[in-house]
Structure formats: structure tokens, C-alpha cells
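Colleague: predicted model and sequence follow; I will ask about them next.
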Amino acid sequence: MKSIEELKSWARDRLKWFGQSAFRISSSDQVIFIDPFRVPATWGPADLILITHPHPDHYDRRAVSALRQSNTVAVLPASCAEPGQRGMAPGQTETINKVRITAVASYNLRRHSHPKSGGWLGFLIEIDGVRLYHAGDTDPIPEMADLRPDIALLPVGGGPTMDWRAAALSAQPLKATLSIPMHFNFLLGGRKAGERFCHLAGQGSLILEKERGNAHHVSDR
């Protein structure tokens, strides 16, 4: 098991955050994007694209098209997957391009923005010996309990997702070693939401700086 400091180093080196819930994960032979909202094509191409749900700030069709190459695999919830895309349902596990992926339910408990009936997703991804959990747009839900990710990417902006207080508390039953806030400082949450989350979550948390502009050189390909 990696220490918190080792995971922070891995995250700073291998994770790029583009705001909202958009991330790029890189290894020596894989580039994975999750919800690549407004991600420039110069950060691609992608080997694997994971979409948590069809809202346009998560499923940016223009960005997905620009990042794809002929052998890119795009994974969406089975409820909204289209021809040429791979659908997954909550609880399903697949190995895609040597990456083990488990689909985890993602939904609201009392609001209607993200209904459980939609079958929308978070993803537990195993890459480079790291278990990384992207929660999608969700409240704290029973399906999070005991996932034990090394790194959890958690929405903190409030409104259609949990806020920074609920996110910090959710890291406890989740049993995440390191938690990273997302889905703030755009429309909802404000730029302080991430800082408040980390203040409450303590040492086992990290804010990633938002990437700006194009990738002029990507050294991990």
C-alpha cells in the first residue's frame, strides 16, 4: 500500500484536472480521460474515455470526438451508450486495455438531478498499482461504503452533488487514503469549496491545480 505522500506524488505526476469533473490519467502505456469537459485535443489522443453521465458538462461530445483515435474505447452508462460505445452498469467490472474498471452507482438521494433509475456511474479504476475512484455527480450513498480506494475524486460544489462538508464526511466510510476535490469553482461551489473540503479532510487530501491552455509537450507517451 502506498503512503499518503507517495499517492500525492503520483497524483501530481499522473493526474491532470481541467475543472468540473474532467481528468486525464496517464501511465507508461495508457491515457485515460474521465468526463473530458472542454479538454483541448492537444492533451490526447485517448486510449480510454470514461463518461459518468450524459449531462453536457460531463459528456462533452465535441471534446470526446477530438480526443478519440481509431482504437479509443469510450465507456458510458449502459442506459445511454450509443453504437460504437461500450455500456456499463453499476456493479459491473471489466478489464479494458489492461485496465480493470468497476462501475459504481452515482446518484442523488433527495434531489432529482441524478436519479438512481438513470443507472449513471462513478468508476473505480486500477492502474499503476493504484485504485482510483471517480465518484461522478453524487450524494454520499451506501454504494460508496468500503470501496477502499487509494485516491478518491469527490465532488464538493453542492447543488446537484454533495457539498464540501458531506464530501469530507463521505471519505470516512469510503475508506479513501487520499481524497481530491472536484466539481467546484464553475457554476456552483466557488473556488473556496476545495480549500474548505481539504481543511476538514486534513492530511489525507490534496487540491490539484486546474490545467490551463494546451499541452505543448506530454512526456508520458
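Modeller: Everything's here; your move.
Colleague: what does the model give residue 171 for pLDDT?
Modeller: Residue 171 carries a pLDDT value of 86.
Colleague: let me redo that: residue 213
Modeller: The score at residue 213 is 60. That number is its pLDDT.
Colleague: again with residue 110
Modeller: According to the model's per-residue confidence, residue 110 sits at a pLDDT of 80.
Colleague: quick check: the closest residue to it other than its chain neighbours vs residue 129, distance?
Modeller: The shortest distance from residue 110 to any residue that is not its chain neighbour, by CB to CB, 6 or more residues apart in numbering, is 7.6 Å, and that residue is residue 139. To be clear about C-beta, it is placed using only N, CA and C from the backbone, and glycine gets the same treatment. Residue 139 sits 30 Å away from residue 129, going by CB to CB, to the nearest Å.
Colleague: show me the helices in this protein, by range?
Modeller: When assigned using DSSP state H, the helices of the chain occupy the ranges 4-14, 61-67, 164-174, 192-201.
Colleague: now those helices as a markdown table including mean neighbour count and distance to residue 90?
Modeller: Converted to a markdown table, the helices of the chain look like this (neighbours: other CB atoms under 10 Å; distance: least, CB to CB, whole Å):
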| stretch | mean neighbour count | distance to residue 90 |
| --- | --- | --- |
| helix 4-14 | 15 | 25 |
| helix 61-67 | 17 | 22 |
| helix 164-174 | 20 | 16 |
| helix 192-201 | 19 | 25 |
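Colleague: please identify which of the ones you listed is closest to residue 104.
Modeller: Among the helices of the chain, the nearest to residue 104 by CB to CB is helix 164-174 (10.4 Å).
Colleague: tilt between that closest one and helix 192-201?
Modeller: Between the direction of helix 164-174 and that of helix 192-201, the angle (axes from the mean of the first three to the mean of the last three CA atoms, to 10 degrees) works out to 40 degrees.
Colleague: centre of the chain versus helix 164-174, how much separation?
Modeller: 16 Å (CA atoms, centre = their mean, to the nearest Å).
Colleague: hey, C-alpha coordinates of that helix in CSV?
Modeller: Written as CSV, here are the backbone C-alpha positions of helix 164-174 (Å, rounded to 0.1, in the frame of the first residue of the first chain):
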residue,chain,number,x,y,z
TRP,A,164,-17.6,20.1,0.8
ARG,A,165,-18.8,19.1,4.2
ALA,A,166,-20.7,16.0,3.0
ALA,A,167,-17.7,15.1,0.8
ALA,A,168,-15.3,15.2,3.6
LEU,A,169,-17.5,13.0,5.8
SER,A,170,-18.0,10.6,2.9
ALA,A,171,-14.3,9.8,2.8
GLN,A,172,-14.6,8.0,6.1
PRO,A,173,-17.0,5.2,5.2
LEU,A,174,-15.3,5.2,1.7
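Colleague: and the pLDDT for residue 51?
Modeller: Model confidence at residue 51, given as pLDDT, is 98.
Colleague: quick one: contacts for it?
Modeller: Contacts were defined as CB atoms under 8 Å, 6 or more residues apart in numbering; by that measure residue 51 touches 34-35, 58-59, 64, 74-77.
Colleague: got those as JSON lines, with distance to residue 28 and pLDDT columns?
Modeller: Putting these into JSON lines (distance: CB to CB, whole Å; pLDDT from 0 to 100) gives the following:
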{"residue": "34", "distance to residue 28": "19", "pLDDT": "98"}
{"residue": "35", "distance to residue 28": "23", "pLDDT": "98"}
{"residue": "58", "distance to residue 28": "27", "pLDDT": "94"}
{"residue": "59", "distance to residue 28": "28", "pLDDT": "96"}
{"residue": "64", "distance to residue 28": "24", "pLDDT": "97"}
{"residue": "74", "distance to residue 28": "22", "pLDDT": "97"}
{"residue": "75", "distance to residue 28": "21", "pLDDT": "98"}
{"residue": "76", "distance to residue 28": "26", "pLDDT": "98"}
{"residue": "77", "distance to residue 28": "29", "pLDDT": "97"}
